[in-house]
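# predicted model, plus sequence, below.
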Amino acid sequence: MQAPSVGGVMLPRGNGQSVRLSRGASLTDFAEKINANPASLVGVMMNLGEMVTATQSVSDETLKMLADEMNFVLEIVSPEEEDRELLESFDIEFGEDEGGEEFLVSRPPVVTVMGHVDHGKTRLLDAIRKTNVVAGEAGGITQHIGAYQVGTEVNGEERKITFIDTPGHEAFTAMRARGAKSTDIAILVVAANDGVMPQTIEALNHAKAAGVPIVVAVNKIDVEGADPTKVRGQLTEFGLVAEEYGGDTMFVDISAKQGLHIDSLLEAVILTADASLDLRANPEQDAQGIAIEAHLDRGRGAVATVLVQRGTLRVGDTMVAGDAYGRVRAMLDDNGNNVEEAAPATPVLVLGLTNVPGAGDNFLVVDEDRTARQIAEKRAARERNANFARKGVRFSLENLDEALKAGLVQELNLIIKGDASGSVEALESSLLQLDVGEEVDIRVLHRGVGAVTESDIDLAMGSDAIVIGFNVRAAGRAQQMAEREGVDVRYYSVIYQAIEEIEAALKGMLKPEYEEVELGTAEIREVFRSSKLGNIAGVLIRSGEVKRNTKARLIRDGKVVAEDLNIQGLRRFKDDVTEIREGFEGGINLGNFNDIKIDDVIATYEMREKPRG
């Protein structure tokens, strides 16, 4: 087989030689690696039927096609490996404790609470905090920073435990996806009256995949029908054998609502950590760790909750977190108090970054502002190139007809999520029976019960699928992720409407429509009763902003329980306001609707006209 030639110019032949390139590399990057002229590689791509410029970021598939043509073996460098190489170029080692054994001191365990919806995860976290609230600070939590530290006494010694408290375990999954180990121990919450449920198994598999020890909290032992022994038996099937049955997993029976046996649970965490983990770190080196969550605060700019994993973080340090950098102006603990330094396994809210890092991005302290800026800029450029290289268009119902006519797609991939398995199966079988001619197939890639999650959006991104939510909404940050990645998520409450829209799209008859735009979500933390106004929800704004006189729906455990509500009243402390932004607390009145409970989510939205593109 001859080496390819373009315009009479012979190009180098790989003979199976390996070429390492990062995501989103250009033909110029490829040409540098093989000592070729970039213009000649543009010619090769034209011969292969692809129009690509020399400096354009191209997808992994395009690079592989070019490498195969020239008999090179393409090796795409993973983001983690790329980041390690970037830090090594600045002579920085990330993820290692400096010095020998003599520099290591013990640190608190970091714990994530997982489990099925409605089994009491949030209430358990609140109960742990209330049990450990400092005297004089009664009246609840002053600052939600996504993580906090509590103290407990074990064998006469005061010990600390750090809890990561993020809705939907974004931190756990996002950090694992980036290869960062954020959690030492997982507490699996199982309700004694319900037993093991689908999400219990999912949470258990997450924890096992991460290789972390598990402590089981059997909650709701005070509820009628509670059977803690049954839970122990069920979990034995999944490899979690209780100590009393001869296994090595600690089970603690608790009631988060009554505050029963919370101290025993904390003690079990410490004992599990001591028995199976060597939790030590060097507090003397420059701080390193991970960002747990971050947001833009109107008054304070970019704020990030970071978990220090080694070293000590101090006010005045220059730090890089993902593609953000800056000098630490101030640090706050989970009670909102200013702190000067944070030791290993301590979570703090950091002020002073240039922009908002992502959940799971690593952070490190460097000597100079210039070094921090260079690392952040290189990371940002790398991410930008990778984004440019992604497929430009994802299929939505609006552009499906054009994609069919252009021959870009021969099948419609769907992901179906619903409130009950019966309705999901009914919708799936109805859709699969649609007769839309020979040119297109319908494939259901995944179906499940419960809210639309980030993993559903991930799957949709990888396979150009459309997500259908039947009587359920997107949970946590899945909605923002879908908007950012251009994934089409459709919500329906009537099966026929879903069938008609998809059939119309396949036949190219979809009309312009109004689209629903999510404005913000609020989590109900407290319910206040007013003789004049009815029930008022004391809320924390989880995302976006909540505005007065906008439409809303009430979501309980991922399921929509009330539609077409109206935000009639909005208050901050004693003042009537028109909007409340993410991260702030306030009061919401839903008019005549009073069926609200703690942990419910109020999702607000508005309808905007969406003409066909």
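Happy to help now that I have it.
# for Val77, which residues are in contact?
Taking C-beta atoms under 8 Å, 6 or more residues apart in numbering as the contact definition, Val77 lies against 20-23, 85. Glycine gets a C-beta too; all of them are placed from N, C-alpha and C.
# what's around Trp304, how many residues?
Not Trp; residue 304 is Ala. Ala304 is flanked by 29 other residues according to other C-beta atoms under 10 Å.
# can you check the one 10 residues further on too?
Neighbour count for Arg314, taken as other C-beta under 10 Å: 15.
# grab the nearest non-local neighbour of it.
Nearest residue to Arg314 in three dimensions, chain neighbours excluded: Glu341, at 4.6 Å (C-beta to C-beta, 6 or more residues apart in numbering).
# count of neighbours near that neighbour?
By the measure other C-beta under 10 Å, the count of residues near Glu341 is 17.
# from Ile502, how far out is it?
Look at Glu341 and Ile502: by C-beta to C-beta, to the nearest Å, they are 57 Å apart.
# list the buried residues of the helix or strand harbouring Ile161.
Using DSSP states H and E, Ile161 falls within strand 157-164. Residues of strand 157-164 classed as buried: 159-164 (neighbour count, 16 or more other C-beta atoms under 10 Å).
# same thing with stretch 367-377?
For stretch 367-377, the neighbour count (16+ other C-beta under 10 Å) marks 371-376 as buried.
# do stretch 571-579 as well
Within stretch 571-579, the residues scored as buried using 16+ other C-beta under 10 Å are 571, 577, 579.
# the second one and Ile524, how far apart?
Separation of Val577 from Ile524 (C-beta to C-beta) stands at 18 Å.
# the last one too?
To Ile524, Glu579 is 18 Å away according to C-beta to C-beta.
# same question, the first one
Taking C-beta to C-beta as the criterion, Arg571 is separated from Ile524 by 14 Å.
# now Ile262
Distance, Ile262 to Ile524, by C-beta to C-beta: 23 Å.
# same thing with Pro357?
Distance of Pro357 to Ile524, given as C-beta to C-beta: 29 Å.
# these two - which one has more neighbours?
Under the neighbour definition other C-beta under 10 Å, Pro357 and Ile524 were set side by side, and Pro357 has more, 26 against 20.
# name the SS class of the more buried one, please.
Of the three states, Pro357 takes coil under DSSP: H, G, I helix; E, B strand; the rest coil.
# just checking, it touches Gly326?
No. Counting by C-beta atoms under 8 Å, Pro357 does not reach Gly326; the two are 10.4 Å apart.
# now go through the buried residues of stretch 367-377 and say which are in helices.
Within the buried residues of stretch 367-377, residues falling in helices by DSSP state H are 371-376.
# rebuild those residues as TSV, extending it with distance to Thr62 and pLDDT.
Formatted as TSV, those follow (distance: C-beta to C-beta, whole Å; pLDDT from 0 to 100):
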residue	distance to Thr62	pLDDT
Thr371	34	93
Ala372	34	93
Arg373	32	94
Gln374	29	94
Ile375	28	93
Ala376	28	92
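# now distance to Arg548 too, for those, in a markdown table please.
As requested, these are exported to a markdown table (distance: C-beta to C-beta, whole Å):
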| residue | distance to Arg548 |
| --- | --- |
| Thr371 | 47 |
| Ala372 | 42 |
| Arg373 | 42 |
| Gln374 | 46 |
| Ile375 | 43 |
| Ala376 | 39 |
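# can you tell me which of those residues is closest to Val489?
Ala376 (31.7 Å; C-beta to C-beta).
# excluding chain neighbours, what is closest to that closest one?
Tyr325 (4.1 Å).
# what do you get for Gly358?
Of all residues not flanking Gly358 in the chain, Gly322 sits nearest, at 5.5 Å (C-beta to C-beta, 6+ apart).
# ok, now Arg608?
Distances taken as C-beta to C-beta, 6+ apart place Val517 nearest to Arg608, at 5.3 Å, with adjacent residues excluded.
# next, the one you found: phi, psi?
Main-chain dihedrals, Val517, degrees, to the nearest 10: phi -110, psi 120.
# contact partners of the strand holding Ile161?
With C-beta under 8 Å, 6+ apart as the test, strand 157-164 has contacts from 108-113, 125, 128, 146-153, 171-172, 182-183, 266, 269-270, 292, 307, 345-347.
# please save the CA atoms from it in PDB.
Provided in PDB are the C-alpha atoms of strand 157-164 (Å, rounded to 0.1, in the frame of the first residue of the first chain):
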ATOM      1  CA  GLU A 157     -11.800  11.400  72.300                       C
ATOM      2  CA  GLU A 158     -13.300  14.300  70.300                       C
ATOM      3  CA  ARG A 159     -13.200  13.300  66.600                       C
ATOM      4  CA  LYS A 160     -14.400  15.200  63.500                       C
ATOM      5  CA  ILE A 161     -16.300  14.000  60.400                       C
ATOM      6  CA  THR A 162     -16.700  16.000  57.200                       C
ATOM      7  CA  PHE A 163     -20.000  15.600  55.300                       C
ATOM      8  CA  ILE A 164     -20.400  16.400  51.600                       C
END
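# partner strands of that strand and their direction?
When pairs are called by DSSP bridges, strand 157-164 turns out to pair with strand 110-115 (parallel), strand 147-154 (antiparallel).
# present those strands as JSON lines; the columns should include mean neighbour count, mean pLDDT and distance to Ser59.
Listed next are the strands paired with strand 157-164 as JSON lines, based on neighbours: other C-beta atoms under 10 Å; pLDDT from 0 to 100; distance: least, C-beta to C-beta, whole Å:
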{"stretch": "strand 110-115", "mean neighbour count": "25", "mean pLDDT": "87", "distance to Ser59": "34"}
{"stretch": "strand 147-154", "mean neighbour count": "18", "mean pLDDT": "87", "distance to Ser59": "37"}
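# would you list these in a markdown table and tack on distance to Ser276?
Formatted as a markdown table, the strands paired with strand 157-164 follow (distance: least, C-beta to C-beta, whole Å):
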| stretch | distance to Ser276 |
| --- | --- |
| strand 110-115 | 14 |
| strand 147-154 | 15 |
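# could you tell me the end-to-end distance of stretch 587-595?
This stretch, stretch 587-595, spans 15 Å end to end (C-alpha to C-alpha, to the nearest Å).
# got the contact list for Glu377?
Each residue near Glu377 by C-beta under 8 Å, 6+ apart is listed here: Asp323.
# apply 10 Å and report the result again.
Residues near Glu377 by C-beta atoms under 10 Å, 6 or more residues apart in numbering: 323, 325.
# for it, give its distance to Glu383.
11 Å.
# need the residues touching each of those two.
Contact criterion C-beta under 10 Å, 6+ apart; residues shared by Glu377 and Glu383: Asp323.
# what residues do Pro357 and Gly326 have in common as contacts?
302, 304, 320, 350, 376.
# what's the closest of those to Asp248?
Nearest to Asp248, judged by C-beta to C-beta, of the shared contacts of Pro357 and Gly326 is Ala304 at 36.6 Å.
# hey, what's that closest one bridged with?
Assigned bridge partners for Ala304, using DSSP bridges, are Ala294, Val350.
# what helix or strand is Asp68 on?
Here Asp68 is assigned to helix 60-69, by DSSP H and E.
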